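Student: return atomic coordinates for the entry below.
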Amino acid sequence: MESGKRFVFVHGAWCWYKLVNILKLVGHQVTALDLGACGVDMKQLDEISSISDHVHPQMEFMDSLPRDKKVVLVGPSYGGLCISLAMENFPKKISVAIFVSAYMPHLYSSPGTLIQQVFRRTSTESLMDCHFTFANGLENPPTSAIFGREYLKAKLYKHCKPEDLELAKKLIRPTGLFVEDFANDSLLTEMKFGSVNRVFAVCKEDEVMEEFQEFMIRKSPPKEVKVIKECGHTVMLSKPKELCLCIKEIAHKYGK
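Tutor: Got it, this is the predicted structure:
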């Protein structure tokens, strides 16, 4: 596998620490970004008034890249919506976008519709001790969420080492959902978002997204689907070597 690819990981830089190390050791350039009010970003959630504020670090980074250099853009879970906005705004700077058990929107309805479909398909009982904020009233979708500790242990980090779970407990923060901002039907276009290669990495035994992964793939088939077995939702921590190999294979095939 040739070195020298440029990888960009989005939405919580800390969780990529294992892959960042592996990829850098074999000569790749790697950037892991914290979005607004995520990870160690200094802003608090009440300072983030829109999805534009939230993804500003990503957009600022993409804008700074030379026009003749393309990146492999990787987003997990809710980060799939964030990399979709980068695809729309910087399609010529992205060789391939990899959705890792992530929200993958399509062009037939708004990304906000996708968010609401996930909530409708998710039972209240399965959310355990997660906490949601309804700043716009209980009759509207939640505006923010934070994962509970029991949920982290039982679902998100079920396949991870105990030390990774403990690190997550220390770093977990509430995150905005921005359903109203994502409700814009013209947010993504065929000419821009639709022109970027998309690959979906299915995470098996993912109790958070597994059923919905297949639904999104059927609704908007990507260029390719990769499968990682027995990894759960947080594959970058539970199976970093397997995910790294998957990502490098995708970069080799599409990263021209």
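Student: now the helices for the stretch 101-250 of the chain?
Tutor: Along the stretch 101-250 of the chain, the segments classed as helices by DSSP state H, counting those that start in this stretch run 111-121, 149-151, 162-171, 210-219, 235-238, 240-254.
Student: and the angle from the first one to helix 210-219?
Tutor: Same thing as helix 111-121. Per axes from the mean of the first three to the mean of the last three CA atoms, to 10 degrees, the angle that helix 111-121 makes with helix 210-219 is 140 degrees.
Student: could I get the buried residue list for stretch 111-120?
Tutor: Under the neighbour-count criterion of 16 or more other CB atoms under 10 Å, stretch 111-120 has 111-118 buried. Backbone N, C-alpha and C define where each C-beta goes, glycine included.
Student: same deal with stretch 118-136?
Tutor: The neighbour-count check on stretch 118-136 (16+ other CB under 10 Å) flags 118, 127, 130 as buried.
Student: need the residues that contact it.
Tutor: With contact meaning CB atoms under 8 Å, 6 or more residues apart in numbering, stretch 118-136 is reached by 103, 140-151, 154-155, 174, 180, 207, 211-212.
Student: look up how far residue 10 lies from residue 84.
Tutor: Distance, residue 84 to residue 10, by CB to CB, to the nearest Å: 10 Å.
Student: anything in contact with each of these two?
Tutor: residue 75.
Student: got any ranges where the stretch 101-250 of the chain has weak pLDDT?
Tutor: Scanning the stretch 101-250 of the chain for pLDDT under 70 picks out nothing.
Student: out of the helices of the stretch 101-250 of the chain, nearest to residue 196?
Tutor: Proximity to residue 196 (CB to CB) singles out helix 240-254 among the helices of the stretch 101-250 of the chain, at 9.7 Å.
Student: list the buried residues of that closest one.
Tutor: Of all the residues in helix 240-254, those buried under the rule 16+ other CB under 10 Å are 240, 242-244, 246-248, 250-251, 254.
Student: among the residues you listed, which one sits closest to residue 27?
Tutor: Once CB to CB is applied, the member of the buried residues of helix 240-254 that ends up nearest residue 27 is residue 248, at 11.3 Å.
Student: my guess is residue 243 contacts residue 236, does it?
Tutor: Yes - shown here, residue 243 and residue 236 form a contact pair, counting by CB atoms under 8 Å, at 5.7 Å.
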